[in-house]
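**Student:** Give me a 3D structure for the following:
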Amino acid sequence: MRLLAGLAATVLLTAACGGAAVAPSPTATVAPTPTPSPTPQTKFVFNADLKSSNEVPAIADAEASCSGKGVFTLNTTKDSLGKITAATAQFDLTITGCPTTTEIILFHIHKQVAGQNGSVIIDSGQKATEPIALTTGSTSSMITKTNITVKPEDAEAVIAGPSGFYFNVHSKLHSGGVIRDQLKLGS
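**Tutor:** The predicted structure is shown next:
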């Protein structure tokens, strides 16, 4: 109680003498250093270990010896918010072990999980009317298709869940597919 009385007397005395309360001086606000925005990833590479046993149903004739490696690359353009506004694809396909009579008619990306067949979502542009003969037999054959236009929403879906899509290669003998595998994000 004495402390409060003493404090009150000091305030009254200061006021009576014409003293003004001194406001604390403002401290300068230092603006934080802006953190640079990371450069958004625009290139996405997916790999597929193509096997005839992954087909539904699995291949059981001479083309069961076919295998391969598929590389599917998406090159995207994004807006300032990171949303894909445009995309192109490149298909790189290496096939090995096929009989010399094998002819590749199509290859593309299907939307579906492993063990089930799904619809084509991104086509390579390979035409069934222009089959590629694998006359090299057990040595490898390399096929590349570039600058394939991809719908932005399809590119986003593949990037968000690559295991829900598969790389499928179709032969003249197996028009439903001869080798396939689910996409896996690579480097």
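
**Student:** where exactly do the strands run in the protein?
**Tutor:** 43-51, 67-78, 84-96, 103-111, 119-123, 132-133, 141-150, 165-171, 179-182, 184-185 (DSSP state E).

**Student:** quick one: average pLDDT of the second one?
**Tutor:** Strand 67-78 shows an average pLDDT of 96 in the prediction.

**Student:** Give me the residues contacting that strand.
**Tutor:** 40, 42-52, 84-97, 107, 109, 122, 150, 152, 155, 158-159, 167, 169, 179, 181, 183, 186 (CB atoms under 8 Å, 6 or more residues apart in numbering). Yep, even glycine has a C-beta here, placed from its N, CA and C like the rest.

**Student:** So in the chain, where's the weakest helix or strand by average pLDDT?
**Tutor:** Within the chain, no helix or strand scores below helix 2-16, which has a mean of 48 by mean pLDDT, DSSP states H and E.

**Student:** ok so, going back, show me which of the contacts of strand 67-78 are buried.
**Tutor:** Neighbour-count burial (16 or more other CB atoms under 10 Å) applied to the contacts of strand 67-78 gives 44-48, 50-52, 84, 87, 89-93, 95-97, 107, 109, 122, 150, 155, 158-159, 167, 169, 179, 181, 183.

**Student:** What score does the residue nearest the centre of the chain have for pLDDT?
**Tutor:** Centroid check for the chain by CA atoms, centre = their mean gives Ile159 as the closest residue, at 2.6 Å. The confidence metric pLDDT takes the value 97 at Ile159.

**Student:** Quick check: closest non-adjacent residue to it.
**Tutor:** Setting aside the residues directly before and after it, Ile159 is nearest to Phe44 in space (CB to CB, 6 or more residues apart in numbering), at 5.4 Å.
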